[in-house]
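**Student:** I'd like to go over a predicted model; first the sequence, then the structure.
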Amino acid sequence: MASQEVLREGPSRGSLINDPRVRGIFFQALVLVLLVAGVWWVTHNVIVNLTRLHIASGFGFLKGRAGFDISESAIAYSSDSTYFRAILVGFINTVIVAVVGIITASIIGFIVGIGRLSRNWLIRKICTVYVEVFRNIPPLLVIFFWYSGVLAVLPPPRESINLPFGSFLNQRGFYFPRAVWGEGSWLILVALLLGIAMAWFVARKARQRQMATGQPFPVLWTSIALIVGLPLLAYALSGFPLSFEFPKQSTFNLVGGFQVRPEFLSLYLALSCYTAAFIAEIVRAGIRGVSTGQTEAAAALGLRSGSILRLVVVPQAMRIVIPPLTSQYLNLTKNSSLAIAIGYPDLTATAGTVLNQTGQAVEGVVIMMAVYLALSLITSAIMNVVNARMALVER
Amino acid sequence: MQEHDMSWVRTEMALAQPAPSSERGLTAWIRKNLIATTGDAILTIVGIALVAMILPQIINWAFINAQWTGPDRSVCATVAQGGIQPDGWTGACWAFVNAKFGQFMFGTYPIEERWRPIVVAILFVALLVPLLIPRVPRKGLNAILLFLVLPVVAFVLLVGGIFGLPHVETSRWGGLLVTLSLSFVGIAVSLPIGIVLALGRRSNMPIVKLLCVIFIETVRGIPLITVLFFASVMLPLFLPAGVSFDKFLRALIGVSLFAAAYMAEVVRGGLQAIPKGQYEGADSLGLSYWQKMGLVVMPQALKLVIPGIVNTFIGMFKDTSLVIVISMFDLLGIVKQNFSDANWATPQTARSGLVFAAFIFWLFCFGMSRYSMYTERRLDTGHKR
């Protein structure tokens, strides 16, 4: 005790230069000073440059009239709208392509990933070729390939390719029947929401009953009946309000229906194909990470192969899969910014146009960065919640 | 008597019997790998149908119907499109790639000066190959030559302006030359920056740590295009009026900073995997911070994360194709630019050019990933349980 006191209180065990705490404070102070000096220098330069170029800084420009058209917009937009609205349109387009792409990429990725572990030699090889091809090619090249290599050489609208369900494919994109919701169709939506809520409730009750009594309940079929049946019932009760508007051939173009433009189509297909290759590898690693002992133990307990997969393998594989899957979802969202290269008006493209028109380089880039950062943080927050529910609960 | 008995003992091993006929040969392989169960058989049929549908088309397009040489678009266009091919013909237009090959490799680098990039490429290969083969000695010297001397030589040769070499603007560079030089410099710059950032993130000094975390997480949260935008439109504003840098250099800064953030996370993973005892052991030997890191921790940590580093390199190599959005022409950019050449515009041009570019990218990336797997196996010194 006493000796420790002496050591602590005693004269310094060397010069001040060798004290790690003093050094730490010194280096941090140095870094801070350098940083402040750098920021000051940069700010000074920016101010000087902006006054020289006669550009007013600040976000006031967002209220100005945009004056450019956007080919695809989910909300009302015209060239008379504000810059803010133009950027908003781009943001919504980014979200749309990211969400649709994530869903498709996950489906393809899971199929291919499981295919790579198949006992079937042919399936295994096909899936391996898919993964090795797409993993080693830049995503931008895949986008260009769909855009100029496949979709641009489709026949012109007059010779459109007929597809099932009254849809068409031609140079100008993919046309399919548009659903026209008549009066009373809100009932269907209400019924759908009700069905989902009831299915969730039934699943909870069934799990509690199985925990308590050991009696299982056919949750899957009940849920399907609820989620599909209730809206159908509402559809019939409200007098069949849904009708379809089919695309029709006119002299030069297809009229009516819903058009998916080639820009969106190629971006969506390319991002899905590309990211799916990475997801497939993650899924494969996840499933292989579950030791065979688990499968064998489950089989020894008398579970059927479907139940083994559902109750034993997948829950454990998901723990390995989810963290890297999150970063792939983030990658897909960030890669959607490649849209600018083919002219799909996503956030980067619209914000880039605004930036070029107004010369507000600093603000434009800051908006882009902030929005992508926010998107990344939201996605990883959601996936963290999912991960926390999946993670191993240790005692 | 005894001797006679002894003769019963075998002195040679009996030859192994061949496996039962149901377990060997092609039929057994097919039974095991293709039609083990009914489900497997159905999958096999689906797979065969898929291959039979796609593969002949690809082979027909890429080889049998392909046009390998030709003066202009007429060889790759059907009669209706103003060419010589029969209607309904589809095939690769390798003639286009053939005619533009020089551009795809060097961009608009002056033709009489193209020996310079070729010399650089030869030097690069001559220095890289021995570095990659484990048995070749003098790795240190080799690495110094590759990472310190070669960049200087390459800079002098490619840019010129001294020793009687005519100056070549970087705006005239293009094609594979840009792709390779961007990624090589990016790799060489981002690894050290990434290591410093990773050390900073694990440092005990709160301010340093905070700055590193902010930088890494910001860069990782935004797309490369935004970083390139930043480098191309914001950097000029950050500098005093009159100072401007080359577009190529700006792209280089953007790509390197971007890759450095990812590299930092990879290296941090390696640092975390080193047991605490190693740090403490180094401390107890009285090593300074940089000695501890340089001599004890880093060599182990970097070895662990070689696959991650190579993956980041592959990602960066692919990402260099994005410089097209700030109007620089790497391999992909120059291929795309040539689609608009009226002399070669046919429905097959875009597809052929892109498939060619894809093949080049694929070769490099696939090669890198295979080499990383090989290194991983070789360096695997028992960290795995």
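**Tutor:** Received the coordinates, thanks.
**Student:** Can you give me the domain assignment for chain B?
**Tutor:** Per automatic domain parsing, the domain ranges recorded for chain B read B:100-109+B:173-379, B:110-167.
**Student:** the helices in chain A, which residues?
**Tutor:** Along chain A, counting by DSSP state H, helices occupy A:2-9, A:20-53, A:83-115, A:121-135, A:139-144, A:186-213, A:219-224, A:230-237, A:262-289, A:292-300, A:305-307, A:314-335, A:347-358, A:361-390.
**Student:** tell me which residues in the last one are buried?
**Tutor:** Residues of helix A:361-390 classed as buried by neighbour count (16 or more other CB atoms under 10 Å in any protein chain shown): A:361-365, A:367-369, A:371-373, A:375-376, A:379-380, A:383, A:387, A:390. Bear in mind the C-beta positions are built from the backbone N, C-alpha and C, glycine included.
**Student:** Columns distance to chain A, mean neighbour count and mean pLDDT on top of the domains of chain B, output as TSV?
**Tutor:** Output for these, formatted as TSV (distance: least, CB to the nearest CB, whole Å; neighbours: other CB atoms under 10 Å in any protein chain shown; pLDDT from 0 to 100):
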stretch	distance to chain A	mean neighbour count	mean pLDDT
domain B:100-109+B:173-379	4	19	85
domain B:110-167	18	13	80
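**Student:** and of those, who's closest to B:Cys93?
**Tutor:** Judged by CB to CB, the one of the domains of chain B that comes nearest to B:Cys93 is domain B:100-109+B:173-379, at 4.3 Å.
**Student:** Quick one: end-to-end length of the closest one, please.
**Tutor:** This stretch, domain B:100-109+B:173-379, spans 42 Å end to end (CA to CA, to the nearest Å).
**Student:** how far is it from where the chain is centred?
**Tutor:** What separates the centre of domain B:100-109+B:173-379 from the centre of its chain is 10 Å, taken as CA atoms, centre = their mean, to the nearest Å.
**Student:** Same question for stretch A:360-379.
**Tutor:** In terms of CA atoms, centre = their mean, the centre of stretch A:360-379 is found 16 Å from the chain centre.
**Student:** Just the CA coordinates for it, please, in PDB.
**Tutor:** Presented in PDB, the C-alpha positions along stretch A:360-379 are these (Å, rounded to 0.1, in the frame of the first residue of the first chain):
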ATOM      1  CA  GLN A 360     -24.300  25.900 -55.400                       C
ATOM      2  CA  ALA A 361     -21.600  23.200 -55.300                       C
ATOM      3  CA  VAL A 362     -21.100  23.100 -51.500                       C
ATOM      4  CA  GLU A 363     -24.800  23.000 -50.700                       C
ATOM      5  CA  GLY A 364     -25.500  20.400 -53.400                       C
ATOM      6  CA  VAL A 365     -22.800  18.000 -52.300                       C
ATOM      7  CA  VAL A 366     -23.800  18.500 -48.700                       C
ATOM      8  CA  ILE A 367     -27.400  17.600 -49.400                       C
ATOM      9  CA  MET A 368     -26.400  14.500 -51.300                       C
ATOM     10  CA  MET A 369     -24.000  13.400 -48.600                       C
ATOM     11  CA  ALA A 370     -26.600  14.100 -45.800                       C
ATOM     12  CA  VAL A 371     -29.400  12.200 -47.600                       C
ATOM     13  CA  TYR A 372     -27.200   9.100 -48.300                       C
ATOM     14  CA  LEU A 373     -25.900   9.100 -44.800                       C
ATOM     15  CA  ALA A 374     -29.400   9.300 -43.400                       C
ATOM     16  CA  LEU A 375     -30.500   6.500 -45.700                       C
ATOM     17  CA  SER A 376     -27.500   4.400 -44.600                       C
ATOM     18  CA  LEU A 377     -28.100   5.100 -40.900                       C
ATOM     19  CA  ILE A 378     -31.900   4.200 -41.200                       C
ATOM     20  CA  THR A 379     -31.200   1.000 -43.000                       C
END
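**Student:** what does it contact?
**Tutor:** A:46, A:55, A:57-59, A:61, A:87, A:91, A:94-95, A:98, A:326, A:329-330, A:333-334, A:337, A:347-348, A:351-352, A:354-355, A:358, B:218, B:220-223, B:226, B:229-230, B:233-234, B:237 (CB atoms under 8 Å, 6 or more residues apart in numbering or on different chains).
**Student:** let's see it at 7 Å
**Tutor:** A:46, A:55, A:57, A:59, A:61, A:87, A:91, A:329-330, A:333-334, A:347-348, A:351, A:354-355, B:218, B:221-223, B:226, B:229-230, B:233-234, B:237 (CB atoms under 7 Å, 6 or more residues apart in numbering or on different chains).
**Student:** Residues of the stretch 201-350 of chain A that sit close to chain B?
**Tutor:** Neighbours of chain B within the stretch 201-350 of chain A, by CB under 7 Å from any CB of the partner chain: A:Lys334, A:Asn335, A:Ser337, A:Leu338, A:Ile340, A:Ala341, A:Thr348.
**Student:** and the third one, what does it touch?
**Tutor:** When contacts are counted by CB under 7 Å, 6+ apart, A:Ser337 is found next to A:Asp346, A:Thr348, B:Pro223, B:Ile225, B:Thr226.
**Student:** So the last one: helix, strand or coil?
**Tutor:** Same thing as B:Thr226. With DSSP: H, G, I helix; E, B strand; the rest coil as the basis, B:Thr226 sits in helix.
**Student:** Next one: it from A:Leu187, what distance?
**Tutor:** From B:Thr226 across to A:Leu187, the span is 44 Å (CB to CB, to the nearest Å).
**Student:** for the fourth one, same thing?
**Tutor:** According to CB to CB, B:Ile225 and A:Leu187 sit 45 Å apart.
**Student:** shaky segments in chain A?
**Tutor:** A:1-14, A:251-252, A:254, A:256, A:391-395 (pLDDT under 70).
**Student:** can you list the domains in it?
**Tutor:** Per the record, chain A has its domains at A:83-136+A:263-390, A:183-238, by automatic domain parsing.
**Student:** which bits of the stretch 1-150 of chain A sit near chain B?
**Tutor:** A:24, A:27-28, A:31-32, A:42, A:45-46, A:48-49, A:52, A:119-123, A:126, A:132, A:136-138, A:140-141, A:144-145, A:148-149.
**Student:** Now, of those residues, which are buried?
**Tutor:** Among those, those classed as buried by 16+ other CB under 10 Å are A:24, A:28, A:45-46, A:49, A:120-123, A:126, A:136-138, A:140-141, A:144-145, A:148-149.
**Student:** and stretch A:175-186, how far apart are its ends?
**Tutor:** Using CA to CA, the end-to-end distance of stretch A:175-186 comes to 26 Å.
**Student:** tell me which residues of that stretch are tucked away?
**Tutor:** A:Tyr175, A:Phe176, A:Pro177, A:Ser185.
**Student:** So which of those is the closest to A:Val321?
**Tutor:** A:Phe176 (33.0 Å).
**Student:** Please determine how far that closest one is located from chain B.
**Tutor:** Counting by CB to the nearest CB, to the nearest Å, the separation of A:Phe176 from chain B is 24 Å.
**Student:** That residue pairs with what?
**Tutor:** Beta-bridge pairing for A:Phe176 (DSSP bridges): A:Phe258.
**Student:** check contacts around it.
**Tutor:** A:Phe165, A:Ser167, A:Gly257, A:Phe258.
**Student:** tell me the contacts of the second one?
**Tutor:** Each residue near A:Ser167 by CB under 7 Å, 6+ apart is listed here: A:Phe174, A:Tyr175, A:Phe176, A:Pro177.
**Student:** if you set the cut-off to 10 Å instead, what comes out?
**Tutor:** Contact partners of A:Ser167, counting by CB atoms under 10 Å, 6 or more residues apart in numbering or on different chains, are A:Ser160, A:Ile161, A:Phe174, A:Tyr175, A:Phe176, A:Pro177, A:Phe246, A:Pro247, A:Gly257, A:Phe258, A:Val260.
**Student:** All set, thanks.
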